[in-house]
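>>> no sequence for this one, just the structure:
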């Protein structure tokens, strides 16, 4: 791990609370999430469906569903400017330009009736005020850069004429068009095959190295996050429950949930017919979460204190390894 | 109508199976091209490959949801592709399938208990109470509480529970072969682990033979005795799980294995060699070996001559002119 340096954070999320309205009540989807991200660094966010990882990204990108409320005490600072409550015209100058996002399903994130070349160049025209011809040249160049073969010909094709891997490359080209300082990638390779997944992740790493952009890589796949990030945050029931430098985290897992998640993964090293470890029960109801640690009802190590008192995310012994657990695993 | 004894050692035998789909203007998608393999009684065979390689079409052809263009399938000693419908009807209850999207494969308007018991009507169980009793017993076997779940509808229960329901429904006709098409792909890892353990348990309990399809090689390794690798409608390699993962012989198998993101220290040492980004169109597959356009080891012969799936004494078979590990001593 690197020694402490004074680098101004690119993004500082402080105490993020996001409430999503449903017919049954308000879901506390993101519950007090804080983290910082420095230029050139990648933060991995892992967790199971419904843990709030995508809602965290949507809160930053201002893409929340209608009626969703971000708590007034939340700050999302991008280069020192708080994005929460920023007027729309100002937000629009940042989002899609300085902060961009790629989504899980490249079929639905692209417009099916607009040629892919146009979808890239319109970003350039809008944000960088390029003229049409310049935008066109730059878009073709971007397509080449993300490894789309025959970029000139592809320029005039529609999304349905491209394979899933190529469509995701186009989505990446759009996201990178204005050379963003922060890229949020929400399950960018989940819909893709393993060989394509490896290529896309390699591509993102290569581009990141070139431009020093920061990245937030959201995935349910711990394998993807383990190999591709500097820092990892594990989320459960709307909260970050463990966070550390990626190597440190995977080598010294402290939070029982992270351990349970790891043990549930089928490993290549296992002989055939290995019985997998499972996590009993289900994640808590986020409309009315129970007191104490949210994982306590499913945790094999839970004691009375866990059910009554909620553990805060704490740092021990200056290790820069934070976890929210009263009785962490020995490492 | 006697069973064919030459095919009796295996529960399922697929021979030269071809499935093609016309896509207009005389062109065809070659979804499954001349595939042959067996599954022995009590065995779990894994089938891996990337999207569009034909693994689901192959599965559908086996359970006769899709009529093959040509080729033969024997099940339990009988040929089921000879057009004898009355025999097929007799055999079908022994041949069941579960699907990737469990919630979508259940009737949304029907209570799940009824969904489980329904196949019994098709096999002639006319007593409603009997059907209900069997369905409840199976629910318990798959880890669901019948008192709580029996009268629910699919949207009221979790996706993991939906997959348990579809497993129970598949089991109610006492099948011999269970075809699982990506049964855990849309599940979270903790639920995935539960379903995989459940499949292992019911397999032992019901003495099942399984064909397990997945794009996730680690999942397949954990549940299968043997694994077949498919690329563009062809089998590239078939071998027992352990040796396939330790000594892949087909370059495509090696690429697939190297692509798996693993949480381990040595991970980044593995170099992924792959020429060309795109998988060729299945309407116009490359001549010779279909993988040659992306294969790092392809030579002229791979273009001219199609490699056949050839066996070694250990039972593993590979379709490659220049299989890996041949020269390493």
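Structure's in. What do you need? These figures come from a predicted structure and were not determined experimentally. Numbering: from 1, shown residues only, chains lettered A, B, ... in the order given.

>>> how about the most centrally placed residue in chain B, secondary structure?
Chain B has residue B:213 as the residue nearest its centroid, 3.3 Å off, counting by C-alpha atoms, centre = their mean. Classification of residue B:213 by DSSP: H, G, I helix; E, B strand; the rest coil places it in strand.

>>> now swap in residue B:279 and tell me
coil.

>>> give me the neighbour count for it.
22 (other C-beta atoms under 10 Å in any protein chain shown). Any C-beta I mention is one placed from the backbone N, CA and C, and that applies to glycine too.

>>> returning to what we had before: list the contacts of the residue nearest to the centre of chain B.
Residue B:213 makes contacts with B:46-48, B:55-56, B:59, B:179-182, as judged by C-beta atoms under 8 Å, 6 or more residues apart in numbering or on different chains.

>>> excluding chain neighbours, what is closest to the closest residue to chain A within the stretch 201-329 of chain B?
In the stretch 201-329 of chain B, the residue found nearest to chain A is residue B:261; the distance is 3.5 Å by C-beta to the nearest C-beta. With sequence-adjacent residues excluded and distances taken as C-beta to C-beta, 6 or more residues apart in numbering or on different chains, residue B:261 is closest to residue A:223, at 3.5 Å.

>>> residues in contact with that neighbour?
A:265, B:260-263.

>>> please repeat the previous calculation with a cut-off of 10 Å.
A:265, A:267-268, B:218, B:260-264, B:267 (C-beta atoms under 10 Å, 6 or more residues apart in numbering or on different chains).

>>> can you check residue B:261 too?
A:189, A:194, A:197-198, A:201, A:219, A:221-228, B:218, B:267.

>>> and those, which are buried?
Neighbour-count burial (16 or more other C-beta atoms under 10 Å in any protein chain shown) applied to the contacts of residue B:261 gives A:189, A:194, A:197-198, A:201, A:219, A:221-228, B:218.

>>> most centrally placed residue in chain A?
Most central in chain A (C-alpha atoms, centre = their mean) works out to residue A:218, at 2.9 Å.

>>> which helix or which strand is home to that one?
When elements are assigned from DSSP states H and E, residue A:218 belongs to strand A:214-219.

>>> which is the next helix or strand following that strand?
helix A:222-228.

>>> from the contact counts, what lies against whichever helix or strand comes after that next one?
Remark: after helix A:222-228, the chain's next helix or strand is strand A:231-236, criterion DSSP H and E. If you count contacts as 3 or more C-beta pairs under 10 Å, 6 or more residues apart in numbering or on different chains; DSSP states H and E, strand A:231-236 packs onto strand A:25-37, strand A:42-46, helix A:53-61, strand A:214-219, helix A:222-228, strand A:239-245, helix A:246-251, helix A:256-263.

>>> does chain B have contacts with the first one?
It refers to strand A:25-37. No: using C-beta under 10 Å from any C-beta of the partner chain, we find that strand A:25-37 stays clear of chain B, coming within 16.1 Å at best.

>>> and that strand, which strands flank it?
strand A:11-22 (antiparallel) (DSSP bridges).

>>> do the same with the shortest one
Using DSSP bridges, strand A:42-46 pairs in its sheet with strand A:214-219 (parallel), strand A:231-236 (parallel).

>>> using JSON lines, please lay out those together with mean pLDDT.
JSON lines is the format used below for the strands paired with strand A:42-46 (pLDDT from 0 to 100):
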{"stretch": "strand A:214-219", "mean pLDDT": "96"}
{"stretch": "strand A:231-236", "mean pLDDT": "96"}
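
>>> for residue B:254, find the nearest of those.
strand A:214-219 (24.6 Å; C-beta to C-beta).

>>> got the contact list for the closest residue to residue B:188 other than its chain neighbours?
Of all residues not flanking residue B:188 in the chain, residue A:48 sits nearest, at 4.0 Å (C-beta to C-beta, 6+ apart). Residues near residue A:48 by C-beta under 10 Å, 6+ apart: A:220, A:235-237, A:257, A:261, A:264, A:279, A:283, B:187-191.

>>> where exactly do the helices run in the chain?
By default, I'm working from chain A. A:53-61, A:88-94, A:106-109, A:116-128, A:132-145, A:151-154, A:164-176, A:194-211, A:222-228, A:246-251, A:256-263, A:304-308 (DSSP state H).

>>> hm, I was asking about chain B
For chain B, helices defined by DSSP H occupy the ranges B:55-62, B:85-91, B:112-122, B:128-141, B:146-149, B:159-171, B:189-205, B:217-223, B:241-246, B:251-259, B:300-304.

>>> can you give me how far the last one is from the chain middle?
Put simply, helix B:300-304 sits 30 Å off its chain's centre (C-alpha atoms, centre = their mean, to the nearest Å).

>>> contacts for that helix next, please.
With C-beta under 10 Å, 6+ apart, helix B:300-304 has contacts from B:251, B:286-293, B:295, B:307, B:320-322.

>>> same deal with the shortest one?
Residues lying outside helix B:146-149 but in contact with it, judged by C-beta under 10 Å, 6+ apart, are B:111-113, B:116, B:132-133, B:135-140, B:156-157, B:161, B:164-165, B:168.

>>> show me which of those are buried.
Among these, those buried by neighbour count (16+ other C-beta under 10 Å) are B:111-113, B:116, B:132, B:135-136, B:138-139, B:157, B:161, B:164-165, B:168.

>>> near chain A, which of these show up?
Of the buried ones among the contacts of helix B:146-149, the ones that also sit near chain A (C-beta under 10 Å from any C-beta) are residue B:161.

>>> got TSV for the buried ones among the contacts of helix B:146-149, with pLDDT too?
Output for the buried ones among the contacts of helix B:146-149, formatted as TSV (pLDDT from 0 to 100):
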residue	pLDDT
B:111	95
B:112	95
B:113	95
B:116	96
B:132	95
B:135	96
B:136	96
B:138	95
B:139	95
B:157	90
B:161	92
B:164	95
B:165	96
B:168	96
